[in-house]
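Visitor: Any chance you could fold what I've pasted below:
(chains A and B)
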Amino acid sequence: MRATVWKTTWRLVAAFLALAAGPSEAQTVDGAVIDPDAELVVAVPDDTTNMDPRIGMGSTRSNYIRQVFESLVDVDAQGRPMPGLALSWKPVGDLTWEFILRRGVTFHNGEAFNADTVLFNLDRMFRKNLDRWGIKDVAAGTSFEKVYPTVARWEKTGDYTVRIHTSEPVPNLWDFIGREPLVPREYTAKNGVEGLNERPVGTGPWKMAAWKRGDSMRFERYEGYWGPPPLFKRLRFQVIPEAGARLAALRAGQVTLVDAVPPLDAGVLGREPAFKVSSSVQKIYCRIYLNARPKDKFDSGGKDGLFTDPRVRLALNYAVNKEGIVQKIFHGYAQANASPVSTVSNGYAAQEPYAYDVKRARALLAEAGWKDAGADGVLRKDGETLTLQLLFPAKHYGQAFDETTAAVAEMLKAVGVQVVIKPIDFGTLLQTVTKGTLPYNGGFSSCRTSNNLDADDYLRDWTAITLINWAPYPPDLADLYRATRREVDPQKRLKLLADLQRRVRDWAPVVSLYQEVKIYAASARVLRFTPLTDLHMDFRGVALRK
Amino acid sequence: MSSFLVRRLLHGIVVVWGVVTAVFFLVRLTGDPVVFLVDQSATREEIEHTRRLLGLDRPMHEQYLAFLLAVPRGDFGTSIREKRPAMGLVLERFWPATVELALAAAVLSTLLAVPLGVVAATHKDRTADHLSRIASLLLQSMPGFWLGLLLILLFAVELHGLLPAYGAGTWRHLILPAVALAAAPLAQNARLVRAGMLEVQQQDYVRTARAKGAREYVVLYRHALKNAAIPFITAAGLSLGFMLSGTIIIETVFAWPGLGRLIVQAVPGRDFPVIQAGVFVFALIFVVLNLAVDLLYAVVDPRVRLS
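Guide: Next up, the predicted model:
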């Protein structure tokens, strides 16, 4: 009897409390009730080594860094620029750019974001005025002062307005300055690079809560975020290097989202209703670089590169069945591209594909003088064989890349090129090409990506002697490139960029292979996850079903 | 005994010195780590400046001397990849992750091997023996990564998350990687115990023990096993050494944040300080374990004299 009385009393109290609290308003997204306190666990293949953006922004690092730090210019899912920490940017005359900054933005430690923050970051990027901040030196993934020497000075014209002055017109300044993640001024001056690496403080939607190196990084929603707050409370990047184990963890419900799904698994997962597979073209562009350096201009072993004749390089492009590679090796999760610029960069102009045409390839090689095939089928000219010593960074870019290199070697052999594949580690490849010790008949397969949005980052490849420049622009193309760098009118510049891409396509400095498509697999609980064309993932607007 | 210990310790120091010396010179043959530190537009002056900062511009013998003087202080320099003290990074991964995993796998592989080997030997050419030998053969020939993935699929996926598929931190996380890691040494140990037991069972003292009316388990575990254990102890000691020096494949499959993965990442990144610190720790482990195994011989078999 006593128990019944107690039970009834408890029920009445509970009912009263429920009424007093009022009707609970469940948050919904796409008609589904979501869990705002949930944790989203992303299985990623690797950990970052640094969180200070100045040390480097490679594809793995960028994914971690951009959760915490933001830049003046943000990016949408299609790779188009959109306002980030800057509300707008525009040229003021030919030699000045003006950025109007967003107000009411704070860093995770409460420090205000304003024009002084931007000036401090510009000082760090260009390694100027460092004494003013008590900083000795800044580790530099990109030496801005060398790559962009035309940027002369910067000033604030108000608490939320910054002007950057250049010595000549720089139409893509909004991009290379605007995409750099910004760090807090006072915090960095006080805590240095170590502080930024160990306890990063940004303006982004996620605060770093804990970092267990080699294992996981945990983030918490930043409640003071200037934009709409994230729709779930915690985010974790869990390192699981092996792709099979990442997918098993997803199937076991122990992670919510998987990064870098192998193409073969994507088809299987896509047929299961419990998972969603999504993909996006990336800026990662894989190619074969050929030694086309003239001996009189560069340190190339006292001999012209064997591939200085554009007809030979063009022939090699026609000899490679790119669609076959995309379909057979990547199961459709890659893209052939004849433009030197990634298809998702601003200013990209589609070019006529290099059709797979063995006859045409042979004809071009014959036109270039390579015609006397011996008994071995290898073409000869003046007693020399058409040999390509192909350096190949095995196991660096993944299995599909390794298979592609082997397939391409066979395709080139079919048109009379003797390909000698030399598997080496990535460090040795870097050392070889940096020192300029690539053999005169050498080449290497490699992939490049970009942290920038503009086409210029790709078209710059054949200007100065950089690591990947083994076919310097001839004078006419160099002039055209310079013109694209000086033209401030957006429409005129787009026309110039398209013209340059067409001419580079015909000049064929590299054998273009494919552009990567990144594949993600998510639990059906994940709502509104859209992969970006950029190097990172964006979880703003993403929700988890309850 | 004490002279044995002193002699073995001196041997150990020489071995560790030899290993770190070899590694010091070998890693420098792999190339220049500076290529990973400078951007693609770096000038020759900048590359030289970075080499100077790392001390790589100094003559090799000077670098080596500085290295040798720093080693006793545990100073292996700063990681090129992570910009943190190399030995700190190595120890962070070694304890507790690698030690936990290695000890769990060693206990599993040792404790299960003894009864399996004894049963196989006492039931020679009968069903239990055949089963034990087939199981040993399978476990020894199964690649670790494949067994690991199968265990994940069974215990994490098919059995609806009964055990975690990845990571470290709790005893539940430890089970699958420890089982996957223990599989091959368990099979090897079981075969060694079986072979040893078959051999000693023919010995006079075993026959005498039986004739005296000793119980069978006393004959097996007190008289026979003790004498059959020498090769087994050697193998178990060495396999513990291999486990402690980082089990790269199992760590990769189970995303176990141990020492093996750290070293694997350090090698292609030419992170000399981390490679040197890691190999120093490996060498130390092997020296200590070998010494421990030698001492154990004398405990198990009084005929072995440590002199």
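
Visitor: Quick check: which ranges of chain B have low pLDDT?
Guide: Applying pLDDT under 70 to chain B flags the ranges B:1, B:39-43, B:246, B:304-307.

Visitor: who's in contact with the nearest residue to A:Tyr160 once chain neighbours are set aside?
Guide: In this structure, A:Tyr160 finds its nearest non-sequential neighbour in A:Leu101, 4.2 Å apart by CB to CB, 6 or more residues apart in numbering or on different chains. C-betas here are computed from N, CA, C, even on glycine. With contact taken as CB atoms under 8 Å, 6 or more residues apart in numbering or on different chains, A:Leu101 is in contact with A:Leu72, A:Leu85, A:Ala86, A:Leu87, A:Phe113, A:Asn114, A:Ala115, A:Val118, A:Tyr160, A:Thr161, A:Val162.

Visitor: Now do the phi/psi pair for B:Gly169.
Guide: phi 140, psi -40 (degrees, to the nearest 10).

Visitor: separation between it and A:Thr166?
Guide: 52 Å (CB to CB, to the nearest Å).

Visitor: When these two are compared, which one has more neighbours?
Guide: A:Thr166 (18 against 15; other CB atoms under 10 Å in any protein chain shown).

Visitor: Give me the neighbour count for the residue nearest to A:Pro262 when sequence neighbours are not counted.
Guide: Leaving aside its sequence neighbours, A:Pro262 sits nearest to A:Ala243 (CB to CB, 6+ apart; 5.1 Å). Using other CB under 10 Å, A:Ala243 is surrounded by 19 other residues.

Visitor: mind checking how far A:Asp47 is from B:Thr78?
Guide: 18 Å.

Visitor: in the stretch 1-150 of chain A, which spans are helices?
Guide: For the stretch 1-150 of chain A, helices defined by DSSP state H, counting those that start in this stretch occupy the ranges A:2-21, A:59-68, A:115-126, A:144-147.

Visitor: gap between the second one and the chain center?
Guide: Spelled out, it's helix A:59-68. Averaging C-alpha positions (CA atoms, centre = their mean, to the nearest Å) puts helix A:59-68 10 Å from its chain's average.

Visitor: Who are the packing partners of that helix?
Guide: strand A:206-212, strand A:216-221, strand A:234-239 (3 or more CB pairs under 8 Å, 6 or more residues apart in numbering or on different chains; DSSP states H and E).

Visitor: Tell me which of the ones you listed approaches A:Leu196 most closely.
Guide: With CB to CB as the criterion, A:Leu196 lies closest to strand A:206-212 of the helices and strands packed on helix A:59-68, at 10.7 Å.

Visitor: Can the helix or strand hosting B:Ala277 be said to contact chain A?
Guide: Following DSSP states H and E, one finds B:Ala277 within helix B:272-300. No: no part of helix B:272-300 sits near chain A under the criterion CB under 8 Å from any CB of the partner chain; the closest distance found is 11.4 Å.

Visitor: where does that helix sit relative to the chain's centre, distance-wise?
Guide: 9 Å.

Visitor: returning to that earlier point: quick one: which of the contacts of A:Leu101 is nearest to chain B?
Guide: Chain B lies nearest to A:Leu72 out of these, by CB to the nearest CB, at 21.5 Å.

Visitor: I'd like the distance from that closest one to A:Leu87, if you could.
Guide: Going from A:Leu72 to A:Leu87 by CB to CB gives 9 Å.

Visitor: Next: A:Lys283.
Guide: A:Lys283 is 26 Å from A:Leu87, where distance means CB to CB.

Visitor: ok, the two, which is more surrounded?
Guide: More crowded of A:Lys283 and A:Leu87, by other CB under 10 Å: A:Lys283, with 25 against 13.

Visitor: By residue count, what's the longest strand in chain A?
Guide: In chain A, assigned by DSSP state E, the strand with the most residues is strand A:275-290.

Visitor: how far off helix A:59-68 does it point, in degrees?
Guide: 130 degrees (axes from the mean of the first three to the mean of the last three CA atoms, to 10 degrees).

Visitor: can you map out the helices along the stretch 101-250 of chain B?
Guide: Secondary structure of the stretch 101-250 of chain B (DSSP H, counting those that start in this stretch): helices at B:127-141, B:144-151, B:171-200, B:204-211, B:216-218, B:225-244, B:248-253.

Visitor: Same list (the ones you listed) but as TSV, adding distance to chain A and mean neighbour count.
Guide: What follows is the helices of the stretch 101-250 of chain B, written out as TSV (distance: least, CB to the nearest CB, whole Å; neighbours: other CB atoms under 10 Å in any protein chain shown):
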stretch	distance to chain A	mean neighbour count
helix B:127-141	20	15
helix B:144-151	5	19
helix B:171-200	10	22
helix B:204-211	48	13
helix B:216-218	42	10
helix B:225-244	17	20
helix B:248-253	5	23
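
Visitor: mind giving me a markdown table with those helices and columns for distance to A:Ile55?
Guide: Listed next are the helices of the stretch 101-250 of chain B as a markdown table, based on distance: least, CB to CB, whole Å:
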| stretch | distance to A:Ile55 |
| --- | --- |
| helix B:127-141 | 45 |
| helix B:144-151 | 32 |
| helix B:171-200 | 31 |
| helix B:204-211 | 67 |
| helix B:216-218 | 64 |
| helix B:225-244 | 32 |
| helix B:248-253 | 25 |
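
Visitor: closest one to A:Val341 among the ones you listed?
Guide: Each of those has some distance to A:Val341 by CB to CB; the shortest is helix B:248-253, at 36.1 Å.

Visitor: centre of the chain versus that closest one, how much separation?
Guide: Relative to the centre of its chain, helix B:248-253 is centred 13 Å away, using CA atoms, centre = their mean.

Visitor: Over to stretch B:187-207?
Guide: The chain centroid and the centroid of stretch B:187-207 are separated by 25 Å, computed with CA atoms, centre = their mean.

Visitor: and if you look at stretch A:282-289?
Guide: In terms of CA atoms, centre = their mean, the centre of stretch A:282-289 is set 11 Å apart from its chain centre.

Visitor: anything in it near chain B?
Guide: No: contact between stretch A:282-289 and chain B is absent, the nearest approach being 12.5 Å (criterion: CB under 8 Å from any CB).

Visitor: Quick check on the residue nearest to A:Pro262: phi, psi?
Guide: Backbone geometry at A:Ala243, expressed as degrees, to the nearest 10, gives phi -60, psi -40.

Visitor: Which residues are in contact with it?
Guide: Counted by CB under 8 Å, 6+ apart, A:Ala243 has contacts A:Pro45, A:Ala260, A:Val261, A:Pro262, A:Asp265.

Visitor: need the contact list for residue 117.
Guide: Using chain A here. So A:Thr117 contacts A:Leu182, A:Pro184, A:Arg185 (CB under 8 Å, 6+ apart).

Visitor: not quite, I wanted chain B
Guide: Taking CB under 8 Å, 6+ apart as the test, what B:Gly117 contacts is B:Ser132, B:Asn189, B:Ala190, B:Arg191, B:Leu192, B:Val193, B:Arg194, B:Gly196, B:Met197, B:Phe232.

Visitor: If we use 7 Å, what do you get?
Guide: B:Gly117 makes contacts with B:Ala190, B:Leu192, B:Val193, B:Arg194, B:Met197, as judged by CB atoms under 7 Å, 6 or more residues apart in numbering or on different chains.
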